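Enquirer: Compute the structure for the input listed below.
(one chain, ligands or ions: 2)
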Amino acid sequence: MSEPLPIVEMESISISFPGVKALDKVDFRLFPGEVHTLMGENGAGKSTLIKALTGVYKIDSGDIVIAGQSRRLTGTADAQAAGIATVYQEVNLCANLSIGENVMLGHEVRGPLGINWSATHRAAQAALDGMGLGHLDPRQPLATLSLAVQQLVAISRAMVTKTKVLILDEPTSSLDAHEVAGLFTVIRRLRDQGVAILFVSHFLDQVYAISDRLTVLRNGQYVGEYSTRELDRSMLISKMIGKDVETLRGIGSERRANHRSPGDEPLLRAEKIGRKGSIEPTDVTLHRGEILGFAGLLGSGRTELARLLCGADRPDTGRVWMRGKRTEVSNPKAGLDNRIAFSSENRRDEGIIRDLTVRENLVLAVQAKRGWARPIPRREQDALVSKYITALNVRPADPERPIKNLSGGNQQKVLLGRWLATQPDLLILDEPTRGIDVGAKAEIQLTVAQLADDGVSVVFISSELEEVVRLSDRILVLKDHRRIAELENGPGVNADTIVDIIASEVQEEVGA
Ligand SMILES: Nc1ncnc2c1ncn2[C@@H]1O[C@H](COP(=O)(O)OP(=O)(O)O)[C@@H](O)[C@H]1O
Ligand SMILES: [Mg+2]
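Expert: Residues are numbered from 1 along each chain as shown. Ligands and ions are numbered 1, 2, ... in the order given. All right, here's what the predicted structure looks like:
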């Protein structure tokens with residue numbers, strides 16, 4: 001038996017956007033009759049690869065072969081004509097038409113007097129039957145259906161147009177377990193009919209339930225193609241984050257001192273704080289002088305949880321106590337008043353102000369806290385700035401230099417100084433060492449450890465598990481916008497422990 005030919009072959013595909021190489025010589029192939037999942041953390045390039053295939057984005061270089069022919073598609077309609085349909089999470093259908101009209105749109109059955117509606121609805125019913133959706137009434141208005149069923153209608157519509165490649169980019173993000181099971185039944189049926197299915201989801205359990213094969217991307221680069229059966233979950237995650245399991249095992253805690261004495265009043269206690277569509281209700285406790293790490297893949301909800309704790313976003317459930325007293329931290333000012341400081345992961349847009357000097361950037365949060373009507377006297381500014389330039393070893397040590405002329409690492413130190421100057425009791429650092437050189441990184445890590453020793457409580461968020469495991473006293477693990485575990489750090493805990501937790505299956509059934 002000869003190996004079947006791929007229906008899609010993408011070779012060495014590159015696409016750049018201003019300032020980012022979204023795809024860097026990526027290979028991908030898709031066979032008829034398989035479910036092939038693209039895996040990678042947020043921003044890895046999955047959606048871009050799909051848009052490269054369908055011609056929504058123009059590729060800078062590479063080759064795309066569809067059914068044996070080198071092709072450059074020019075967009076969704078052209079892709080459709082080539083037998084490639086994409087169903088997005090936000091379904092692209094007409095809400096004011098019936099199910100049948102949507103399924104048959106553009107393919108209505110015509111008679112001498114125009115569209116023959118009963119024949120059209122019969123054809124729609126046949127199409128629905130063919131997908132195992134015979135229970136749907138083609139005359140029912142689309143608007144009355146749940147999003148999940150609308151999605152199935154969108155897939156039915158794709159099948160009417162003789163689709164050979166069905167692309168589903170995160171179709172399950174807002175579906176419940178039962179709806180996912182329904183979708184998977186349809187996907188399996190189409191696969192068995194020979195349709196090639198390209199699937200994207202960050203829910204590991206779903207990926208393992210449905211995929212025959214996986215292609216892993218990281219940072220716009222091709223990592224590899226694997227048979228799902230041959231790649232266990234821990235291996236998959238280590239490939240997504242770019243660390244082999246041996247390395248992960250070698251990374252253990254470096255903090256021995258546990259600053260918490262039992263019975264201590266926690267500095268912060270949050271009970272079931274959450275925000276719809278962002279993070280599920282979560283408990284967080286933080287003691288004085290403790291470093292609490294948030295671990296999880298990009299997109300797991302780390303930043304979302306941090307933003308609720310500091311008031312950058314308003315929680316819609318839960319209660320918060322600071323120093324034993326009930327409080328609301330529903331906006332950034334309330335955060336500062338509670339002595340909570342938040343340094344955003346987004347250094348460029350939410351952090352530094354490029355055209356201001358080091359001094360002006362550094363005093364910003366203190367100034368905001370005391371109110372803009374009462375400018376900080378220049379002498380006080382100078383004292384503050386010189387203190388933090390020295391403490392954090394900012395180079396060059398020139399307060400009047402525009403911050404844009406400093407290296408990323410030194411910009412980050414100034415940002416850290418900005419928040420330290422507010423004398424926070426709780427400092428939340430989201431990716432404080434991303435994209436900076438090793439020297440500056442080590443300095444920032446050391447500063448964080450010293451702050452904790454001085455009694456400041458720190459929430460430390462990083463994509464690099466090494467840092468989280470080395471620095472934290474306790475680690476809260478997030479996955480799919482939920483807290484899935486919390487562990488005391490110490491001997492025996494290493495980065496691989498965290499990967500195993502993220503990889504472990506949930507109990508909930510996912511349409512297997
Ligand atoms: N239209 C665009 N303009 C600029 N940058 C983009 C655009 N689309 C995607 N990117 C960037 O390309 C990278 C890959 O994004 P994407 O393909 O959406 O990732 P994924 O789907 O894996 O989460 C990211 O850094 C993203 O910010
Ligand atoms: Mg995407």
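Enquirer: and Gly409, which of the three is it?
Expert: Of the three states, Gly409 takes helix under DSSP: H, G, I helix; E, B strand; the rest coil.
Enquirer: Hmm, Leu476 and Val284 touching each other?
Expert: Yes: between Val284 and Leu476 a contact is recorded at 6.9 Å, counting by Cβ atoms under 8 Å. Quick note: C-beta positions are derived from backbone N, CA and C, even for glycine.
Enquirer: joint contacts of these two?
Expert: Between them, Val284 and Leu476 share these contacting residues under Cβ atoms under 8 Å, 6 or more residues apart in numbering: Leu292.
Enquirer: who touches Arg339 in this structure?
Expert: 422-426.
Enquirer: so which of these comes closest to ligand 2?
Expert: For the contacts of Arg339, the residue nearest ligand 2 by Cβ to the ion is Leu426; the value is 32.7 Å.
Enquirer: can you pull the contacts of the closest one?
Expert: Shown in contact with Leu426 (Cβ under 8 Å, 6+ apart): 267-268, 286, 309, 338-341, 456-459.
Enquirer: circling back to that earlier point, give me the subset of the contacts of Arg339 lying in strands.
Expert: Leu426 (DSSP state E).
Enquirer: Kindly reformat the contacts of Arg339 as a markdown table containing distance to Glu108 and pLDDT.
Expert: Below are those laid out as a markdown table (distance: Cβ to Cβ, whole Å; pLDDT from 0 to 100):
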| residue | distance to Glu108 | pLDDT |
| --- | --- | --- |
| Thr422 | 65 | 93 |
| Gln423 | 70 | 94 |
| Pro424 | 64 | 96 |
| Asp425 | 66 | 96 |
| Leu426 | 62 | 97 |
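Enquirer: returning to that earlier point: also near ligand 2: which of the contacts of Leu426, exactly?
Expert: Among these, no residue is within reach of ligand 2 (Cβ under 5 Å from the ion).
Enquirer: burial count for whatever residue of the stretch 1-150 of the chain ends up closest to ligand 2?
Expert: Closest residue of the stretch 1-150 of the chain to ligand 2, Cβ to the ion: Ser47 (3.2 Å). The number of residues packed near Ser47 is 18, by other Cβ atoms under 10 Å.
Enquirer: Can you tell me, leaving aside adjacent residues, what's nearest to it?
Expert: The shortest distance from Ser47 to any non-neighbouring residue, by Cβ to Cβ, 6 or more residues apart in numbering, is to Asp169 (5.8 Å).
Enquirer: Quickly list what that neighbour is bridged to.
Expert: Beta-bridge partners for Asp169, by DSSP bridges, are Val200.
Enquirer: For it, give me its contacts.
Expert: Counted by Cβ under 8 Å, 6+ apart, Asp169 has contacts 46-47, 50, 86-89, 200.
Enquirer: before we move on, back to that, hmm, Leu198 and the residue of the stretch 1-150 of the chain closest to ligand 2 touching each other?
Expert: No: the criterion here is Cβ under 8 Å, and Ser47 misses it with Leu198 at 11.3 Å.
Enquirer: can you list residues touching both of the two?
Expert: With Cβ under 8 Å, 6+ apart applied, the contact sets of Ser47 and Leu198 do not overlap.
Enquirer: Reduced to three states, what does Ala383 come out as?
Expert: helix.
Enquirer: any idea which helix or strand carries Ile13?
Expert: Element membership for Ile13, per DSSP states H and E: strand 8-17.
Enquirer: residues in contact with that strand?
Expert: Strand 8-17 is contacted by residues 21-30, 48-49, 52-53, 57-66, 84, 165, 196, 198 when judged by Cβ under 8 Å, 6+ apart.
Enquirer: can you tell if it touches ligand 1?
Expert: Yes: under the criterion of Cβ under 6 Å from any ligand atom, strand 8-17 makes contact with ligand 1 via Phe17.
Enquirer: I'd like the next helix or strand past that strand.
Expert: Following strand 8-17 in sequence order, the next helix or strand is strand 20-30 (DSSP H and E).
Enquirer: Mind giving me the packing neighbours of that next one?
Expert: strand 8-17, helix 46-54, strand 221-227 (3 or more Cβ pairs under 8 Å, 6 or more residues apart in numbering; DSSP states H and E).
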